[in-house]
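Student: this one's sequence-less:
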């Protein structure tokens, strides 16, 4: 893991880094409390489709976890995203397509039906590769010794759940996860996602939007139902894919505090 | 409103009172911060079927609202409950019947089916009378002048929602409500409850148990869906009717703080 830059702002150290995995260069960011003198809990932040490691909601969550909870946070560019975009035109087209969908009228039956018929979002991320990269970054952070302790959580919705659910189900170092904005169907990899959900055993907070333009209500309820964890909760809000209320960030904080401690 | 007793414990003043409404005597409790020198926000607490105004979860919530938020709280014995039980044998039989249901295996399909077929819980409370009594107690508290200000919330699940939903939908002084453990069907008064839900416009936090022995998942989702409020959220937990996790009390606090203020 190579540090490529470091800035400090309002008590938060933001360190950019990169590492190699399976022949690709993976850029990431580690946020740490400036005042931290020893290892802290860590939350891994999985961004959404067409987003990247420093997209505004990821940056905002990272800074909140650092400032409010004294945690560290890490985000990576997912395969084909952020600095890893190879075909910029195709990426821009995917972003415009997704924006069109999620800014369409919430709960429009035709959008949901059409999303379901098409398999909603075309495959645009290598899930297996992304899962391995998350485990690799944990290995690398562990080697640094005094950065993170054994209290590790994951936060990621939408594409962050497509990747995060199989990751959390297979990575014993992650002990609590916020997931959501995803269903069994409506995204590529339905069978694998349902199987991963059944293997999942750590506490999960699952977020869902009642009028999501990208998936039906039923497929989201089915995914929540499939999660094997005894300790799970689903928070449902009216509105579309990007309408989760900002106050829900307080529920993320409360969830991680409960499971990772102060 | 006549005060019938007052005790102070750990910063909480607990005042017992009674008043007459429609020819019946209604006993209630007002909890206040011992340190309060002026009006405070107020949460009305509607107990569940076969419970009463000082049942452990009601007492616990009242003390938390007073101690953690500086609020006041009020509970009443619902018609036919607590000190208003006329036929003690019939009340005991109802309590045993309900206990049998809610301690049966969670999510047992036969229990849910049988609950739906029977209309689940036999009519055991006069909803219209209970709704009027809540408005009356607000009138009486307003007359006292410096007890509660204009920030009034309601908390009540199960039978507390059978009564609370039509109350909140018709009482403009209530500006935020925690409801749940109820469906459109599965309890008496389905049509009236759905109509009240559609009239409801204040922020609502709706709690639901995924394996409730007294109602199907669908009927709970239908009731959440019917609630007319633009600002609503549903929190779903695994387990049966009485299995809502204790940590959810922190979500009640956060909800009322957000809507009633400090």
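Tutor: Looks like it arrived, so ask away. Bear in mind that the values here come from a model prediction, so they are computed numbers and not experimental data.

Student: secondary structure class for residue A:143?
Tutor: Secondary structure, DSSP: H, G, I helix; E, B strand; the rest coil: residue A:143 is helix.

Student: quick one, what contacts it?
Tutor: Applying C-beta atoms under 8 Å, 6 or more residues apart in numbering or on different chains to residue A:143 gives the contacts residue A:1. Glycine gets a C-beta too; all of them are placed from N, C-alpha and C.

Student: Okay, it and residue A:62: tell me how far apart.
Tutor: The gap separating residue A:143 from residue A:62 is 22 Å, by C-beta to C-beta, to the nearest Å.

Student: Check residue A:30 too.
Tutor: Taking C-beta to C-beta, one finds residue A:30 at 9 Å from residue A:62.

Student: Likewise for residue A:7?
Tutor: Distance from residue A:7 to residue A:62, by C-beta to C-beta: 13 Å.

Student: what does residue A:242 give?
Tutor: Distance of residue A:242 to residue A:62, computed by C-beta to C-beta: 19 Å.

Student: neighbour count winner among these two?
Tutor: Using other C-beta atoms under 10 Å in any protein chain shown, the more surrounded residue of residue A:242 and residue A:62 is residue A:62, with 25 against 17.

Student: And the more buried one, how far from residue A:31?
Tutor: 4 Å.

Student: shared neighbours of the two, which are they?
Tutor: Common neighbours of residue A:62 and residue A:31 (C-beta under 8 Å, 6+ apart) are A:12, A:73.

Student: Pick out the residue closest to the middle of chain A.
Tutor: Among the residues of chain A, the one closest to the centroid is residue A:156, at 1.9 Å (C-alpha atoms, centre = their mean).

Student: hey, what's that one bridged with?
Tutor: residue A:46 (DSSP bridges).

Student: Tell me the pLDDT of it.
Tutor: Here the pLDDT value assigned to residue A:156 is 98.

Student: what are the ranges of the strands in chain A?
Tutor: With DSSP state E as the criterion, chain A has strands at A:2-9, A:12-21, A:24-33, A:40-46, A:72-76, A:148-156, A:174-180, A:204-209, A:232-237.

Student: if you look at the last one, does any of it touch chain B?
Tutor: Put plainly, it is strand A:232-237. Yes - if you take C-beta under 8 Å from any C-beta of the partner chain as the test, strand A:232-237 does meet chain B, through A:232-237.

Student: if I pick the residue nearest to the centre of chain A, what's in contact with it?
Tutor: Counting by C-beta under 8 Å, 6+ apart, residue A:156 has contacts A:44-47, A:163-164, A:177-179.

Student: Same question for residue A:51.
Tutor: Contacts of residue A:51 by C-beta under 8 Å, 6+ apart are A:57-58, A:81-82, A:159.

Student: okay, it: pLDDT?
Tutor: Reading off the model, residue A:51 has pLDDT 95.

Student: Can you give me the distance of it to chain B?
Tutor: Counting by C-beta to the nearest C-beta, to the nearest Å, the separation of residue A:51 from chain B is 24 Å.

Student: go on, residue A:252?
Tutor: Per C-beta to the nearest C-beta, residue A:252 is found 12 Å from chain B.

Student: now residue A:245
Tutor: 8 Å.

Student: Hmm, that residue is touching residue A:237, no?
Tutor: Yes - assessed by C-beta atoms under 8 Å, residue A:245 is found in contact with residue A:237 at 6.0 Å.

Student: residues bridging contact with these two, i.e. touching both?
Tutor: Joint contacts of residue A:245 and residue A:237 (C-beta under 8 Å, 6+ apart) are residue B:233.
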